[in-house]
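> Quick check, what structure comes out for this input:
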Amino acid sequence: MPDSTQRDRNRFQQGEIDGDPPIRSLTFDADEETYAAEFDGGDVSPSVAVISVVTKITGQSVADLQPLHHVVDPDALDRIVRHRPSGPSRNDRLVEFTYEGLTIQLSSSGVVEVGLPRAGNTE
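All right, here's what the predicted structure looks like:
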(Lines give C-alpha, C1' and ligand atoms only; values in the text may rest on other atoms or scores of the structure.)
Protein backbone atom coordinates (compact mmCIF):
# COMPACT_ATOMS: atom_id res chain seq x y z
CA MET A 1 0.00 0.00 0.00
CA PRO A 2 1.43 3.44 -0.88
CA ASP A 3 2.56 5.61 2.03
CA SER A 4 0.08 8.35 1.08
CA THR A 5 -2.83 5.89 1.37
CA GLN A 6 -1.67 4.87 4.85
CA ARG A 7 -1.35 8.52 5.87
CA ASP A 8 -4.88 9.19 4.61
CA ARG A 9 -6.21 6.18 6.54
CA ASN A 10 -4.58 7.55 9.69
CA ARG A 11 -6.09 11.00 9.10
CA PHE A 12 -9.55 9.48 8.59
CA GLN A 13 -9.20 7.40 11.75
CA GLN A 14 -8.37 10.57 13.65
CA GLY A 15 -11.37 12.40 12.21
CA GLU A 16 -9.40 14.98 10.24
CA ILE A 17 -11.72 15.76 7.36
CA ASP A 18 -10.73 18.85 5.46
CA GLY A 19 -12.83 21.10 3.31
CA ASP A 20 -15.37 18.84 1.63
CA PRO A 21 -18.83 20.12 2.56
CA PRO A 22 -20.83 17.14 1.25
CA ILE A 23 -19.29 14.83 3.85
CA ARG A 24 -20.05 15.35 7.53
CA SER A 25 -17.81 12.59 8.81
CA LEU A 26 -15.54 9.88 7.47
CA THR A 27 -14.22 7.04 9.59
CA PHE A 28 -12.19 3.91 8.87
CA ASP A 29 -12.82 0.52 10.50
CA ALA A 30 -9.46 -1.27 10.32
CA ASP A 31 -10.97 -4.65 11.26
CA GLU A 32 -13.51 -4.54 8.43
CA GLU A 33 -11.32 -2.48 6.07
CA THR A 34 -14.33 -0.27 5.48
CA TYR A 35 -14.84 3.48 5.39
CA ALA A 36 -18.12 5.01 6.50
CA ALA A 37 -19.15 8.54 5.57
CA GLU A 38 -22.21 10.54 6.49
CA PHE A 39 -23.65 13.15 4.18
CA ASP A 40 -26.59 15.51 4.29
CA GLY A 41 -28.99 14.26 1.64
CA GLY A 42 -30.84 17.56 1.81
CA ASP A 43 -27.73 19.38 0.61
CA VAL A 44 -26.04 16.90 -1.71
CA SER A 45 -27.22 14.12 -3.98
CA PRO A 46 -26.19 10.54 -3.13
CA SER A 47 -24.23 10.23 -6.39
CA VAL A 48 -22.16 13.32 -5.56
CA ALA A 49 -21.55 11.94 -2.06
CA VAL A 50 -20.19 8.72 -3.57
CA ILE A 51 -17.76 10.60 -5.80
CA SER A 52 -16.68 12.81 -2.92
CA VAL A 53 -15.99 9.84 -0.64
CA VAL A 54 -14.10 7.91 -3.33
CA THR A 55 -11.86 10.91 -4.08
CA LYS A 56 -11.12 11.29 -0.36
CA ILE A 57 -10.28 7.61 0.07
CA THR A 58 -8.21 7.16 -3.08
CA GLY A 59 -6.58 10.58 -3.23
CA GLN A 60 -7.59 10.86 -6.87
CA SER A 61 -9.23 13.85 -8.45
CA VAL A 62 -12.69 13.59 -9.98
CA ALA A 63 -11.06 13.78 -13.42
CA ASP A 64 -8.98 10.68 -12.61
CA LEU A 65 -12.02 8.56 -11.75
CA GLN A 66 -14.07 6.52 -14.18
CA PRO A 67 -17.34 8.34 -14.83
CA LEU A 68 -19.93 7.05 -12.36
CA HIS A 69 -22.47 6.64 -15.16
CA HIS A 70 -20.29 3.85 -16.60
CA VAL A 71 -21.22 1.78 -13.53
CA VAL A 72 -24.62 3.01 -12.38
CA ASP A 73 -27.19 5.55 -13.55
CA PRO A 74 -26.56 8.52 -11.19
CA ASP A 75 -30.09 9.92 -11.66
CA ALA A 76 -31.67 6.56 -10.83
CA LEU A 77 -29.31 6.15 -7.88
CA ASP A 78 -30.34 9.57 -6.55
CA ARG A 79 -34.04 8.73 -6.91
CA ILE A 80 -33.72 5.30 -5.27
CA VAL A 81 -31.59 6.42 -2.34
CA ARG A 82 -33.23 9.78 -1.76
CA HIS A 83 -32.49 10.91 1.80
CA ARG A 84 -35.36 10.61 4.25
CA PRO A 85 -34.61 12.99 7.11
CA SER A 86 -37.48 11.82 9.31
CA GLY A 87 -35.27 9.24 11.05
CA PRO A 88 -35.07 5.47 10.87
CA SER A 89 -37.77 3.86 8.84
CA ARG A 90 -38.69 0.46 7.58
CA ASN A 91 -38.54 2.10 4.16
CA ASP A 92 -34.79 2.75 4.29
CA ARG A 93 -33.16 1.76 1.04
CA LEU A 94 -29.71 0.35 0.40
CA VAL A 95 -27.93 0.12 -2.94
CA GLU A 96 -24.65 -1.73 -3.42
CA PHE A 97 -22.33 -1.63 -6.43
CA THR A 98 -18.64 -1.77 -7.30
CA TYR A 99 -16.88 1.41 -8.40
CA GLU A 100 -13.14 1.91 -8.92
CA GLY A 101 -12.56 -1.54 -7.40
CA LEU A 102 -14.34 -0.52 -4.19
CA THR A 103 -17.59 -1.94 -2.85
CA ILE A 104 -20.00 0.96 -2.36
CA GLN A 105 -23.07 0.70 -0.14
CA LEU A 106 -25.29 3.74 -0.18
CA SER A 107 -28.29 4.09 2.14
CA SER A 108 -31.19 6.48 2.29
CA SER A 109 -30.19 7.28 5.87
CA GLY A 110 -27.33 9.40 4.47
CA VAL A 111 -24.46 6.92 4.85
CA VAL A 112 -21.93 5.75 2.27
CA GLU A 113 -19.92 2.67 3.22
CA VAL A 114 -16.90 1.80 1.12
CA GLY A 115 -15.20 -1.57 1.34
CA LEU A 116 -11.63 -1.90 0.23
CA PRO A 117 -10.62 -4.77 -2.04
CA ARG A 118 -9.59 -7.79 0.02
CA ALA A 119 -6.55 -9.89 -0.72
CA GLY A 120 -7.52 -12.99 -2.64
CA ASN A 121 -10.88 -11.53 -3.72
CA THR A 122 -11.29 -12.32 -7.41
CA GLU A 123 -14.60 -10.53 -7.96
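> Can you verify my assumption that Leu102 contacts Gly115?
Yes: with contact defined as CB atoms under 8 Å, Leu102 reaches Gly115; the gap is 6.5 Å. Yep, even glycine has a C-beta here, placed from its N, CA and C like the rest.
> what's the burial count for Val81?
Val81 has 24 neighbours, counted by other CB atoms under 10 Å.
> In contact with it, which residues?
Val81 makes contact with 46, 93-95, 106-108 under the criterion CB atoms under 8 Å, 6 or more residues apart in numbering.
> Now for the residues you listed: which two are most distant?
Distance extremes for the contacts of Val81: the farthest pair is Pro46 and Leu94 at 11.2 Å, using CB to CB.
> Compare those two (neighbour count), which wins?
Pro46 (23 against 13).
> Okay, the nearest residue to that one once chain neighbours are set aside and Val95: tell me how far apart.
Nearest residue to Pro46, sequence neighbours excluded (CB to CB, 6 or more residues apart in numbering): Val81, at 4.5 Å. Plainly put, Val81 is 5 Å away from Val95 if you go by CB to CB, to the nearest Å.
> got any residues that touch both of those two?
Taking CB under 8 Å, 6+ apart as the contact rule, the neighbours common to Val81 and Val95 are 106-107.
> What is the neighbour count of Gly110?
Residue neighbour count, defined by other CB under 10 Å, stands at 20 for Gly110.
> Strands along the protein, start to end?
Taking DSSP state E as the test, the strands found in the chain are 23-29, 34-39, 94-99, 102-107, 111-115.
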